[in-house]
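Structure, please.
(chains A and B)
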Amino acid sequence: MPVDFFTKESTMSEEVIVRFPPSPTGYLHIGGARTAIYNWLFAKKHGGKMILRIEDTDAERSTEESIQGILDGLAWLGITFDQGPYFQTEFTSQHMAAAEKLLATNHAYKCFCTKEDLEAKRETAATDKGDYKYNQACRNLSPEQVAAKEKAGLPYVIRFKVPDQQDTVRFEDKVYGRIERAYVDIEDFVIVRSNGKPLYLLCNVVDDIRDRITHVIRGQDGLANTPRQILIYEALGAKIPVFAHMPLTLDLNKAKISKRSHGEIVAVHFYREHGFLPWALINFLVLLGWSSGDDREIFSQEELIQAFSFEGVNRSNSIFNYRKGDPKFFTDPKAININAHYLRSMPIAEIAALIKDDFAAEGIWNPLYESTQREWFLQTLDLIRSRFHTLQDFARQGRAYFADDFPIEERALEKNLNKTPELKSWLPLLAARFAALPDFSRENTETAARQLAEELSVKPGTLINGARTVITGQLAGPSMFEVFEVIGKERVVTRLEQVGRFFGGADL
RNA sequence: GUCCCCAUCGUCUAGUCAGGUCCAGGACACCGGCCUUUCACGCCGGCAACACCGGUUCAAAUCCGGUUGGGGACGCCA
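Model prediction:
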């Protein structure tokens, strides 16, 4: 395996290449998705490429299911990549070649200290509240000593030999600015396990060199790893990429969000299943730690690509404002608000396409909605969408517009019907007036309803909201005259005539 | 414990690099009003923050030092 590609300088240094390297140990969560989004935006903005690399070196925890979940999540979001997915385990020989090179150039050494021994020392240091650092016991072993230990069959790991200098490792982070770390504060870290498997720090760097990554955009939790990785780049004689660390997303208790402690709420698929528009989720996520600098918060894809830059990335961690068990907000209120915003402003035909499956699942899909009843369908969706928060609301809260069996809200029943028992006879009267209308327009139904109200000496609202309850089962909704029009004369008249069923049933 | 990073309304943030135009702007949430047959949308208004202490300066959210608070990293995990 030739190793000179480590030193090969990029000939097309202007081209931006970024990567998203998830480890397949769970679903795609919103923190990871946000990192992917930032990478994707940056690549798009600079006409660069994005590589998807599955970091599956931890065979024990990596699963096929998880890989698929991550792929599905990215696909749903519309985060596309130009290369990959690559799998880190496919490049083990390159990782090992790099380790050999480091060994050969005296940038690394074999360490025979046992895991048990080291763990004991670490524990002792922890109990004494002291600082633990590898004591470099094997750093200066003579070639003869190493040979002897190897011959004796002693297992060893390969450690990186951190330069013995008084200086600091420094780099210019695109978000955090200048970061410095003293060499003495970096211990000789392990790059190859005793079973011969290379470790993340090494693999990650080798892969980034091979893939000619120009910009490493990742979470702030990678910030502390960066000086060590830079050391590897230098030892391998490779060009160091630009680093840009993104602030983390924490929960209300300022703890890092994770599957373990937060469950489904932080999973991308949760949002898909709960009627979120992928772009709305992206729009929300991108705002968690970044701002355009002006007052804009809603962006089209083109606008966002144009507006995005590291300048606008905040340095402090942001909080995912989710309260468990909140009856009103099942996730961050701002996320819901943004989703609702798109729901009421996007082309209605797009919504129609997105809710088809949901309607089918609820048993209220009608194929005619795509042919002869398409106009009616779109008009109805448009009428009801302003108060909806998710795509699911159309089939759930909007059921009465598409089906004759729909639930009746208890509060609507009490307030709009039970309080005025006379409606039991008034609504059939209204039905008769409506039935007699030659043209069932909103103007005509309004005139008829108001006229009847006047004749009965009741407020129009009494009649109208009584009708609302009987016709939609709900306390609130669009203008009833538009509802009448959309639901249609026949169904309106029928539902009004059946008002008796809400007053103890059969005695009509 | 060691090292690194961070600190503006409840939350997301603008303003900090180039100190005065900021008794701090926007958004979400919340409260009130208008519209109205209801709820929502929309519009109008309100509540609400520069963590603390010291320094520099005519002037500090902005610069410097410290304190406190928070986060991250310190694995033969990624």
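
alpha carbons only for contacts and neighbour counts from here, please
Noted.

Contacts only, for the closest residue to A:G293 other than its chain neighbours.
Spatial nearest neighbour of A:G293, chain neighbours left out: A:G312 (6.4 Å); criterion: Cα to Cα, 6 or more residues apart in numbering. Counting by Cα atoms under 8 Å, 6 or more residues apart in numbering, A:G312 touches A:W290, A:S291, A:S292, A:G293.

how close does the first one sit to A:D173?
Right, the one you point to is A:W290. As judged by Cα to Cα, to the nearest Å, A:W290 and A:D173 stand 16 Å apart.

the strands in chain A, which residues?
Under the criterion DSSP state E, chain A carries strands at the ranges A:17-20, A:49-54, A:83-87, A:108-111, A:157-160, A:168-173, A:177-182, A:190-192, A:215-219, A:242-246, A:249-250, A:318-319.

The fourth one: partners in the sheet, and parallel or antiparallel?
In other words, strand A:108-111. Note on strand A:108-111: by DSSP bridges, its sheet partners are strand A:157-160 (antiparallel).

Would you tell me whether the strand it pairs with gets close to RNA strand B?
Yes: legend: contact between strand A:157-160 and RNA strand B by Cα under 7 Å from any atom of the strand is shown at A:V157.

quick revisit: can you put the strands of chain A in TSV and add distance to A:S425 and mean neighbour count?
Listed next are those as TSV, based on distance: least, Cα to Cα, whole Å; neighbours: other Cα atoms under 10 Å:
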stretch	distance to A:S425	mean neighbour count
strand A:17-20	66	26
strand A:49-54	67	22
strand A:83-87	68	15
strand A:108-111	92	24
strand A:157-160	88	24
strand A:168-173	75	16
strand A:177-182	75	13
strand A:190-192	84	23
strand A:215-219	66	21
strand A:242-246	65	22
strand A:249-250	58	22
strand A:318-319	55	18
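
a markdown table please, covering these and showing mean pLDDT.
A markdown table is the format used below for the strands of chain A (pLDDT from 0 to 100):
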| stretch | mean pLDDT |
| --- | --- |
| strand A:17-20 | 97 |
| strand A:49-54 | 96 |
| strand A:83-87 | 92 |
| strand A:108-111 | 96 |
| strand A:157-160 | 96 |
| strand A:168-173 | 94 |
| strand A:177-182 | 93 |
| strand A:190-192 | 96 |
| strand A:215-219 | 97 |
| strand A:242-246 | 97 |
| strand A:249-250 | 92 |
| strand A:318-319 | 95 |
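
Turn the contacts of A:G312 into CSV, including distance to RNA strand B and pLDDT.
Formatted as CSV, these follow (distance: Cα to the nearest atom of the strand, whole Å; pLDDT from 0 to 100):
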residue, distance to RNA strand B, pLDDT
A:W290, 5, 97
A:S291, 5, 96
A:S292, 7, 94
A:G293, 4, 90
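
Narrow those residues to those that are buried.
A:W290, A:S291, A:S292 (16 or more other Cα atoms under 10 Å).

which residues touch A:A99?
A:A108, A:I158, A:I191, A:V192, A:L202.

what about the residue lying closest to the last one once chain neighbours are set aside, distance to A:K49?
Okay, so that is A:L202. Distances taken as Cα to Cα, 6+ apart put A:I191 closest to A:L202, at 5.7 Å, once the chain neighbours are dropped. Going from A:I191 to A:K49 by Cα to Cα gives 29 Å.

Quick check: pLDDT value at the residue nearest to A:G293.
Looking at A:G312, its pLDDT reads 96.

ok, now which ones touch the closest residue to A:R170 other than its chain neighbours?
Excluding the flanking residues, the one nearest A:R170 by Cα to Cα, 6+ apart is A:E180, at 4.4 Å. By Cα under 8 Å, 6+ apart, the contact list for A:E180 reads A:T168, A:V169, A:R170, A:F171, A:P227.

again, 7 Å this time
A:T168, A:V169, A:R170, A:F171 (Cα atoms under 7 Å, 6 or more residues apart in numbering).
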